[in-house]
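Q: generate coordinates for the sequence data below:
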Amino acid sequence: MTSVQIVILAAGQGTRMRSSQPKVLHKLAGKPLLGHVLDVAAAVSNTPPVVIYGHQGKLLHESFSRHNVTWVEQPQQLGTGHAVQQALPNIKEQDRVLVLYGDVPLISVETLKRLITVTPDKALGMLTATLENPTGYGRIKRDAQNKVVGVVEEKDASVAERAIKEINPGIYFVPATLLKKWLPALANNNAQKEYYLTDIISQAARENIAIHTEQPAMSEEILGINDRVQLAQIERFQQKRFAEKLMRQGVTIIDPARLDVRGEVDIAQDVTLDVNIILEGDVSIGEGSTIGANCILRDVKIGKRVEIKPNSVIEGATIGAESIIGPFARVRPGTVLAANTHIGNFVEVKNSAIGEGSKVNHLSYIGDSEIGKQVNVGAGTITCNYDGANKHKTIIRDSAHIGSDTQLVAPVTIGEGATIGAGSTITKDVPPNALTLSHRLEQRTKQSWKRPQKKDK
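A: Numbering: from 1, shown residues only. The predicted model follows:
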């Protein structure tokens, strides 16, 4: 049975990136370049892709350990033709081979499926693109009947050939039988002394093998990344696409140029995103919510009509409907806030559940805690959850009131309806519906005391 075997070339060192890590591990929209290509490969074919690597293979294996991949090493980088040749032992005779690149991250599933669908079984399929500035790409050569007869690399092209605007992105769809015949016969008679995969195009023309060409929906799909300037340019293009998609779904984005999406987002209509917002990981935002300027949301689920005020950082948390967070709040992983909760300025919450209608509005730390409904936590309150070796839990029952500047030394439970006096240090469980406060020194005034004065120089 014919299957699509994808081969991804990812062996280049990427010297122009000026980096100690492989080029394909540099990130676009929060995901490694190769990760984008692997996701597309998984959507196009059920067969695990063959990835050709050559630089820091161990690091690549570790980075993509969760992907179903066949890794093949190319010890010497002798060109694209030589790279694909390394994959031949992993390719079945009946396969049709789709060649992709680890540094071409925006190629779309739709474009590849179209190429696969429209290419006849025994033909060679390839993508081409027409660019106003074709610099850096191999040029497509056609005959008088407009049939493709070959590809010339820019380094080897004449002046006339360099004027051609139809370029070769290097993405091919080829019967395995042809690759197994052609690749071992490649020569390196060129300026780079490399074995070019592009030579299979001229070989197909010589053997009268039909060459079918398709163009991507957008030319950006086939753009490769060679340095950090190109990476930044593709990043901005990708972020523009994300923003436009969200706006068409009913999301208000105050400035699309100042939004960064680095994961998978699900944002309902009538959500408003202010400037300089970063969305990372899996982010869900409910209808009618507002995210203020300079916020970072990472792996969060936000309910309907929530207001996240400026300069807040929320990670690994669930925020209930109609809650208010910030400004300058930090909500850390493991936190679950019920509906209509308030987490105010300079408040940090970690691994805690806070009940409906409760408020922690000012300058407090709540960690490893379980807080009930309609609780008010005063300014400067700290749950002392760590004894230097272990974490302990603080439980505050419904309708309790915690006075300002209070330390709750866990493990401790505050009873329902209890009131803690301001400035208390609580080390024992507190009964319900009573006032509890720790010992305070008697207030004294020294009438004869004088404030020190600065001495004259």
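Q: for residue 280, which non-adjacent residue is closest in space?
A: Nearest non-adjacent residue to residue 280, counting by Cβ to Cβ, 6 or more residues apart in numbering: residue 298, 4.1 Å away. (Glycine included, C-beta is placed from N, CA and C.)
Q: again, but for residue 314
A: Distances taken as Cβ to Cβ, 6+ apart place residue 331 nearest to residue 314, at 4.4 Å, with adjacent residues excluded.
Q: try residue 200
A: Nearest residue to residue 200 in three dimensions, chain neighbours excluded: residue 182, at 4.9 Å (Cβ to Cβ, 6+ apart).
Q: pretty sure residue 177 sits against residue 96.
A: No: assessed by Cβ atoms under 8 Å, residue 177 is found out of contact with residue 96, at 9.6 Å.
Q: the more surrounded of those two?
A: Between residue 177 and residue 96, residue 96 has the larger neighbour count (other Cβ atoms under 10 Å), namely 24 against 15.
Q: so where does the residue nearest to residue 280 fall, helix or strand?
A: According to DSSP states H and E, residue 298 maps onto strand 296-302.
Q: list the neighbouring strands of that strand plus their orientation.
A: Sheet pairing of strand 296-302 (DSSP bridges) gives strand 277-285 (parallel), strand 313-315 (parallel), strand 318-319 (parallel).
Q: show me what secondary structure element comes after that strand.
A: strand 307-308.
Q: packing partners for that next one?
A: When contacts are defined as 3 or more Cβ pairs under 8 Å, 6 or more residues apart in numbering; DSSP states H and E, strand 307-308 sits against strand 290-291, strand 324-325.
Q: what about the helices in the stretch 201-350 of the chain?
A: Here the stretch 201-350 of the chain has its helices, by DSSP state H, counting those that start in this stretch, at 228-248.
Q: can you point out the buried residues in stretch 357-372?
A: The neighbour-count check on stretch 357-372 (16 or more other Cβ atoms under 10 Å) flags 357-361, 363-369, 371-372 as buried.
Q: could you do stretch 444-457 as well?
A: Result for stretch 444-457 [16+ other Cβ under 10 Å]: no buried residues.
Q: before we move on, what about stretch 62-74?
A: Applying 16+ other Cβ under 10 Å to stretch 62-74 flags 63-64, 67, 69, 72, 74 as buried.
Q: also stretch 79-90?
A: 79-88, 90.
Q: between the residues you listed, which is nearest residue 258?
A: Nearest to residue 258 among the buried residues of stretch 79-90: residue 80, at 38.5 Å, using Cβ to Cβ.
Q: what residues are up against that closest one?
A: Listed by Cβ atoms under 8 Å, 6 or more residues apart in numbering, the contact partners of residue 80 are 9, 170, 194-198.
Q: mind doing that once more with 7 Å?
A: Contacts for residue 80 (Cβ atoms under 7 Å, 6 or more residues apart in numbering) come out as 9, 170, 196-197.
Q: ok, residue 22 touching residue 15?
A: No: assessed by Cβ atoms under 7 Å, residue 22 is found out of contact with residue 15, at 11.1 Å.
Q: settle it for me: which of these two has more neighbours?
A: residue 22 (26 against 11).
Q: look at residue 438 and say how many residues are nearby.
A: By the measure other Cβ under 10 Å, the count of residues near residue 438 is 14.
Q: residues near residue 183, how many?
A: As a burial measure, residue 183 scores 22 neighbours (other Cβ under 10 Å).
Q: one more: the one 3 residues further on?
A: Neighbouring residues of residue 186 were enumerated by other Cβ under 10 Å; the total is 22.
Q: list the contacts for it?
A: 81, 195, 199.
Q: let me have those in TSV, adding distance to residue 130 and pLDDT as columns.
A: As requested, these are arranged in TSV below (distance: Cβ to Cβ, whole Å; pLDDT from 0 to 100):
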residue	distance to residue 130	pLDDT
81	25	94
195	27	92
199	23	91
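Q: turn the residues you listed into TSV, columns for distance to residue 108 and secondary structure.
A: Shown next, in TSV, are those (distance: Cβ to Cβ, whole Å; DSSP: H, G, I helix; E, B strand; the rest coil):
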residue	distance to residue 108	secondary structure
81	26	helix
195	29	coil
199	27	helix
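Q: of all those, which comes closest to residue 387?
A: Among these, residue 81 lies closest to residue 387 (Cβ to Cβ), at 63.8 Å.
Q: ok, and the closest non-adjacent residue to that closest one?
A: Leaving aside its sequence neighbours, residue 81 sits nearest to residue 195 (Cβ to Cβ, 6+ apart; 3.7 Å).
Q: does that neighbour touch residue 76 like I think?
A: No: with contact defined as Cβ under 7 Å, residue 195 and residue 76 do not form a contacting pair (10.7 Å).
Q: out of the two, which sits in the busier spot?
A: Using other Cβ under 10 Å as the criterion, residue 195 and residue 76 rank with residue 195 on top: 19 against 9.
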